[in-house]
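S.K.: Requesting a structural model of the entry that follows:
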Amino acid sequence: MIQYTQVELLTLDGPAFRRVSTAPPRPATDEEIPIIDLSTIDGDLKAKETIATEVKAAAENTGFFYIKNHGISEELIERALTNARTFFEQTDEQKDLVFHAKFKNSVGYHGVGSSQINIKETKGLLPLQHVTSMDRKETFTLRYNPINDPSITDPTALLQNEKYSYGGDDSLWKGVSHLPSFKDTTIEFWQRRLTLARKMIRIFALALNMPENYFDEVTTHPGADALYVHYPGSPEAISQDVDAGRDIDVGIGSHTDIQCITLLWQDMSGGLQVLSASDEWLHAKPIPGTLVVNIGDFLQRLSNNKFKSTVHRVYNRQTTSRYSMPFFLGFNPDSICRVVPSCIDEEHPALYEPITCGKWHRDRLALAGSKGKMSAAS
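M.R.: From the prediction side, this is the model:
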């Protein structure tokens, strides 16, 4: 007999609960987490619509898929990974040179145990041992800066708008100036993923039966956060508990992403698990040459819940390190975003009121902060 527990998720409308099977995670099928080929993403409209059809099916099913032939070179990815490893192998004193509290906008270093993305799991209506997820990870975070955006020719006006978190990373780079190529490679990798994310959001527009440029005006200076993430190896005792099926999060707890879409590079360690439409945990195994894409809460909101922002978590079951490099795309902080017109009809009225993307992000982070400090990663 299948047994279930629940995870509590944070929303602006209060706690939401999702049923979860207690069965061990199983491999995902190709239909549950498909691989989508982007080799024609720069082609004509028909080629893009073909990709959009596949993306729509994935977005309405599990909300996760892989992309291959995405245009970001393996050479650049390897350089970025080398930088991540070099950074996290430093002493605590060296990493604290870029400790996030020294800068505005939470850029920089967040240490192990500095975040808690899930508070508890429950069984039935009663707490299940008040299980607290232990986010065993450390991160280096970079946020949007128009100076680094290849599509911005004159960033002056945006840099003067402090309300929306622009700039502020000049002193950040001074704290890593002793690491050769760290700044240049980190910015280059951020730029390439921003370019790819803008192409992907055009595909999502087509998947929502809208013109491909529908979201263009809200991605001119978007929320665009990039992280290097290190999951330290798990102590043997914790690894054994996880293997025995005990409800302990040893990487990052069960959560959904806040923004529109996430692009994720993960190493070959494994550990990313995705909650299926049938409430089962699925292994999102690493596949060489691919990135993982998943839907965030804001895109689910804009799609009137047609696209799924899926619960996921990370278990680092190994005694060795795991590395990942996620990139989160939101929309312009000052843009007012509404449910997409194609997702509304007489039988399906808009479920959400218009909201600026910046307010959405700030309110969600503030909500998380009231429950436990949060910094999402995969």
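
S.K.: List every C-alpha atom in stretch 9-16, with coordinates, as PDB.
M.R.: What follows is stretch 9-16, C-alpha atoms only, in PDB (Å, rounded to 0.1, in the frame of the first residue of the first chain):
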ATOM      1  CA  LEU A   9       5.200  25.300   0.400                       C
ATOM      2  CA  LEU A  10       5.200  29.100   0.900                       C
ATOM      3  CA  THR A  11       2.900  31.200  -1.200                       C
ATOM      4  CA  LEU A  12       1.600  34.800  -1.000                       C
ATOM      5  CA  ASP A  13      -1.800  33.300  -0.300                       C
ATOM      6  CA  GLY A  14      -0.600  31.300   2.700                       C
ATOM      7  CA  PRO A  15       0.800  27.800   3.100                       C
ATOM      8  CA  ALA A  16       0.100  25.300   0.300                       C
END
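
S.K.: Give the buried residues for that stretch.
M.R.: For stretch 9-16, burial by neighbour count (16 or more other C-beta atoms under 10 Å) applies to 9-10. All C-beta spots, glycine's among them, are computed from the backbone N, C-alpha and C.

S.K.: do the same with stretch 315-329
M.R.: 315-317, 322-329.

S.K.: Same check on stretch 90-98?
M.R.: 95-98.

S.K.: Kindly check the end-to-end length of that stretch for me.
M.R.: With C-alpha to C-alpha, to the nearest Å as the measure, stretch 90-98 spans 12 Å from end to end.

S.K.: got the contact list for that stretch?
M.R.: When contacts are defined by C-beta atoms under 8 Å, 6 or more residues apart in numbering, stretch 90-98 is touched by residues 87-88, 108-109, 111, 138, 140, 172, 175-176, 178.

S.K.: which one of those residues sits closest to Val292?
M.R.: Set against Val292, the nearest of the contacts of stretch 90-98 by C-beta to C-beta is Phe140 (19.6 Å).

S.K.: Partner strands of the helix or strand harbouring that closest one and their direction?
M.R.: Assigned by DSSP states H and E, Phe140 falls within strand 138-142. Applying DSSP bridges, strand 138-142 is found paired with strand 108-110 (antiparallel), strand 224-231 (antiparallel).

S.K.: CA atoms only: put that strand into PDB for me.
M.R.: What follows is strand 138-142 as a C-alpha-only set of coordinates in PDB (Å, rounded to 0.1, in the frame of the first residue of the first chain):
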ATOM      1  CA  GLU A 138      27.200  27.100   0.000                       C
ATOM      2  CA  THR A 139      26.800  29.500  -2.800                       C
ATOM      3  CA  PHE A 140      28.300  32.400  -4.700                       C
ATOM      4  CA  THR A 141      25.600  34.700  -6.200                       C
ATOM      5  CA  LEU A 142      25.700  37.100  -9.100                       C
END
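
S.K.: hmm, back to that, quick one: which of the contacts of stretch 90-98 has the most company?
M.R.: Highest neighbour count within the contacts of stretch 90-98, by other C-beta atoms under 10 Å: Tyr109, with 27 neighbours.

S.K.: how near is that one to Val314?
M.R.: 19 Å (C-beta to C-beta, to the nearest Å).

S.K.: which one's the longest helix in the chain?
M.R.: Using DSSP state H, we find that the single longest helix of the chain is helix 182-207.

S.K.: burial measure for Ser73, as a count.
M.R.: Count around Ser73 with other C-beta under 10 Å applied: 10.

S.K.: pLDDT score assigned to it?
M.R.: On the pLDDT scale, Ser73 is placed at 98.

S.K.: Then Arg136?
M.R.: On the pLDDT scale, Arg136 gets 80.

S.K.: Ok, which of the strands paired with strand 138-142 comes nearest Thr62?
M.R.: strand 224-231 (22.0 Å).

S.K.: Any chance you could give me that closest one in CSV, C-alpha atoms only?
M.R.: C-alpha atoms of strand 224-231 as CSV (Å, rounded to 0.1, in the frame of the first residue of the first chain):
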residue,chain,number,x,y,z
ALA,A,224,18.7,37.4,-13.8
ASP,A,225,20.5,35.6,-10.9
ALA,A,226,23.3,33.1,-11.4
LEU,A,227,24.8,30.9,-8.7
TYR,A,228,27.7,28.7,-8.2
VAL,A,229,26.6,26.0,-5.7
HIS,A,230,28.7,23.6,-3.7
TYR,A,231,27.0,20.7,-1.8
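
S.K.: how about Lys285, what does it touch?
M.R.: Lys285 neighbours (C-beta under 8 Å, 6+ apart): 27-28, 270.

S.K.: Just the closest of the residues you listed to Thr220, please.
M.R.: Closest to Thr220, out of all of the contacts of Lys285 and judged by C-beta to C-beta, is Ala28, at 35.3 Å.

S.K.: Now do stretch 282-302: distance from first to last residue.
M.R.: For stretch 282-302, the end-to-end distance is 26 Å (C-alpha to C-alpha).

S.K.: now stretch 18-32
M.R.: Stretch 18-32: ends 18 Å apart by C-alpha to C-alpha.

S.K.: Just the buried residues of it, please?
M.R.: So for stretch 18-32, counting by 16+ other C-beta under 10 Å, buried means 20-21, 25, 28, 32.

S.K.: Can you find the helix or strand in this protein with the smallest mean pLDDT?
M.R.: Using mean pLDDT, DSSP states H and E, the weakest-scoring helix or strand in the chain turns out to be strand 126-127, at a mean of 38.
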